[in-house]
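A.B. asks: Fold the following.
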Amino acid sequence: MGDGVRVLTRVMKKVAAVVGEVGTKLRDHSRSVKRRVLEIAYASRNKTEKGQQKMKAAYGKLLEATSRVVGQAKKFSGEIAGQVKKGPRGVLQKAKEQLDEMIPRVQQVMRQTRERVLRGNTKAENKIFSVFEPDTEIIRKGKAGKPNEFGKLVKIQEAENQIVIHYDVFNPRPSDSGLLTPSIEKHKELLGRVPDLATADAGFFSAANETEAKRLGVKRVAVPSRNTKSEKRKQEQKKRWFKKAQKWRTGCEGRISVLKRRHGLNRSHYKGVPGVQRWVGLGVIADNMINIGLHLASKR
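C.D. replies: Purely as a prediction, here's the structure:
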């Protein structure tokens, strides 16, 4: 909420600076909101019942202050639309667009806060996790140091010689198990043939996926099943070719790491899902150019 309040207040200040005394007078609640955010931060450290009650009280005050800011922002937007505020049209029109975009996002965060903090409901619908990037999703990684990450799921599809032949940015995030067959079909579409070997981590496994991959013409499918009770399946996964394929897949994790470190895929500098898709695409192109050059150089 604090970020949303800062944005709304900043836009209203710009409007007030342009139009002067005409229209609604701006009341700046930024300091009040900042105090409430600090109160919440301090109270959250106290895990006792008393501490939790303090935190709820601070959240209630924060919601009240935020509601007043949203009310002001609605008035500013309405007056701009009704041409009550006089000034350069381009500046005011842009300000109205920013207000109209941010107001519903802040209101959604307020609804989420009431449900989660005041009513204890963690299953509220249409959650947003960032007022700047409302398409952001929680990605549960299961890592000890970082169990959850925020962003979009990106699929990187690598072939021989470290060349990424396809990538995708998903909105919303699909199940990993639903990605294997489309990836094989995409490989055939781009390269004119299915791969001899398809490998991925355990999240992509399903018996249906394995059957469909072989039906498409893949000779060997090396996707481990972690929960299998079949002795035959366990022996299959211990075979040399299967282990070798999994080592190759582990090496693909290095490609993801390089894309993050060398080409900035850990954080998109473009906004929105189309912006993330463009940012990932540029990183993939840059990395492919390097690897194609290295491969050609090695053939001399």
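
A.B. asks: Correct me if wrong, but residue 156 is in a helix.
C.D. replies: No - counting by DSSP: H, G, I helix; E, B strand; the rest coil, residue 156 is located in no helix; its state is strand.

A.B. asks: Which strand residues bridge it?
C.D. replies: Beta-bridge pairing of residue 156 under DSSP bridges involves residue 167.

A.B. asks: tell me the SS of residue 149?
C.D. replies: Residue 149 is classified as strand under three-state DSSP.

A.B. asks: and the gap between it and residue 216?
C.D. replies: 32 Å (Cβ to Cβ, to the nearest Å). C-beta coordinates here come from the backbone N, C-alpha and C atoms, glycine included.

A.B. asks: surely residue 68 meets residue 29?
C.D. replies: Yes - applying Cβ atoms under 8 Å as the test, residue 68 and residue 29 come out as touching, 5.8 Å apart.

A.B. asks: Give the other helices and strands that the lowest-mean-pLDDT helix or strand in the chain contacts.
C.D. replies: Of all the helices and strands that make up the chain, strand 137-140 has the lowest average by mean pLDDT, DSSP states H and E, namely a mean of 78. If you count contacts as 3 or more Cβ pairs under 8 Å, 6 or more residues apart in numbering; DSSP states H and E, strand 137-140 packs onto strand 148-151.

A.B. asks: Now do the strand it packs on, average pLDDT.
C.D. replies: For strand 148-151, mean pLDDT is 81.

A.B. asks: Parallel or antiparallel, list what pairs with it.
C.D. replies: Strand 148-151 has these strand partners (DSSP bridges): strand 137-140 (antiparallel).

A.B. asks: Check the offset of the partner strand from the chain's centre.
C.D. replies: 7 Å (Cα atoms, centre = their mean, to the nearest Å).

A.B. asks: Return the set of buried residues in it.
C.D. replies: Within strand 137-140, the residues that count as buried by 16 or more other Cβ atoms under 10 Å are residue 137.

A.B. asks: likewise stretch 119-127?
C.D. replies: Buried residues in stretch 119-127, defined by neighbour count with 16+ other Cβ under 10 Å: residue 127.

A.B. asks: got the end-to-end distance for it?
C.D. replies: Taking Cα to Cα, to the nearest Å, stretch 119-127 runs 15 Å from one end to the other.

A.B. asks: name the helices or strands packed onto the host helix or strand of residue 292?
C.D. replies: With elements taken from DSSP states H and E, the one containing residue 292 is helix 272-298. Where contact means 3+ Cβ pairs under 8 Å, 6+ apart, helix 272-298 is packed against strand 164-169, helix 240-263.

A.B. asks: and the angle from that helix to helix 240-263?
C.D. replies: 110 degrees (axes from the mean of the first three to the mean of the last three Cα atoms, to 10 degrees).

A.B. asks: what stretches of the protein score poorly on pLDDT?
C.D. replies: Along the chain, segments meeting pLDDT under 70 span 20-23, 83-89, 124, 141-145.

A.B. asks: which residue is nearest the middle of this protein?
C.D. replies: residue 151 (1.7 Å; Cα atoms, centre = their mean).

A.B. asks: how deep is residue 162 tucked in, by neighbour count?
C.D. replies: Residues near residue 162, counting by other Cβ atoms under 10 Å, number 18.

A.B. asks: Over to the one 3 residues further on?
C.D. replies: If you count neighbours by other Cβ under 10 Å, residue 165 ends up with 17.

A.B. asks: distance of the nearest residue to it once chain neighbours are set aside from residue 269?
C.D. replies: Of all residues not flanking residue 165 in the chain, residue 159 sits nearest, at 4.9 Å (Cβ to Cβ, 6 or more residues apart in numbering). To residue 269, residue 159 is 28 Å away according to Cβ to Cβ.

A.B. asks: Residue 191 now?
C.D. replies: Distance from residue 191 to residue 269, by Cβ to Cβ: 31 Å.
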